[in-house]
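*Asks:* Predicted model follows, preceded by the sequence.
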Amino acid sequence: MSAKAEHYDVIRKPIITEKATMASENGAVVFEVDIDSSKPQIKEAVEALFGVKVKAVNTTIAKGKTKRFKGQPGKRKDIKKAYVTLEEGNTIDVSTGL
């Protein structure tokens, strides 16, 4: 497997919500990442894929909600989010796509 494919396995997709937009005003970008990925892996993947310098990585795990699927009780997947703070002068425009 190529190194680029491994980076795409770590970073799933950008998260574009109201809270993520507020974070982007402070130089941070929010990504949904693999639940087993570590902060150094996330930092390496973002730097390699987007060609930017990462200052810090903060992560949070959102527990999946209990919902009903076709009348049967079920549970959504847990999601890990990474708040990636970039060095001064670096930007990632997530609205244009990867």
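*Replies:* Ah, there it is.
*Asks:* Give me the mean pLDDT for stretch 40-51.
*Replies:* Mean per-residue pLDDT for stretch 40-51: 92.
*Asks:* Not counting that stretch itself, show me its contacts.
*Replies:* Under the contact criterion Cβ atoms under 8 Å, 6 or more residues apart in numbering, stretch 40-51 has outside partners 3-4, 6-8, 10-11, 29, 31, 33, 37, 52-54, 57, 59, 82, 84, 92, 98. In short, each C-beta sits where N, CA and C put it, glycine included.
*Asks:* May I see the buried residues of whichever helix in the chain runs longest?
*Replies:* The residue-count maximum for a helix in the chain (DSSP state H) belongs to helix 39-50. For helix 39-50, burial by neighbour count (16 or more other Cβ atoms under 10 Å) applies to Q41, I42, K43, E44, A45, V46, E47, F50.
*Asks:* can I get the residues you listed in JSON lines with distance to T21?
*Replies:* Formatted as JSON lines, the buried residues of helix 39-50 follow (distance: Cβ to Cβ, whole Å):
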{"residue": "Q41", "distance to T21": "25"}
{"residue": "I42", "distance to T21": "20"}
{"residue": "K43", "distance to T21": "22"}
{"residue": "E44", "distance to T21": "26"}
{"residue": "A45", "distance to T21": "22"}
{"residue": "V46", "distance to T21": "18"}
{"residue": "E47", "distance to T21": "23"}
{"residue": "F50", "distance to T21": "18"}
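*Asks:* and which of the residues you listed is nearest to R68?
*Replies:* I42 (33.3 Å; Cβ to Cβ).
*Asks:* ok, that closest one to A28 distance?
*Replies:* From I42 across to A28, the span is 13 Å (Cβ to Cβ, to the nearest Å).
*Asks:* Nearest to G74 among the buried residues of helix 39-50?
*Replies:* For the buried residues of helix 39-50, the nearest to G74 is I42 (28.7 Å; Cβ to Cβ).
*Asks:* Now do the helices in this protein.
*Replies:* Residue ranges of the helices in the chain, as given by DSSP H, are 3-10, 18-24, 39-50.
*Asks:* With that, I have no additional questions.
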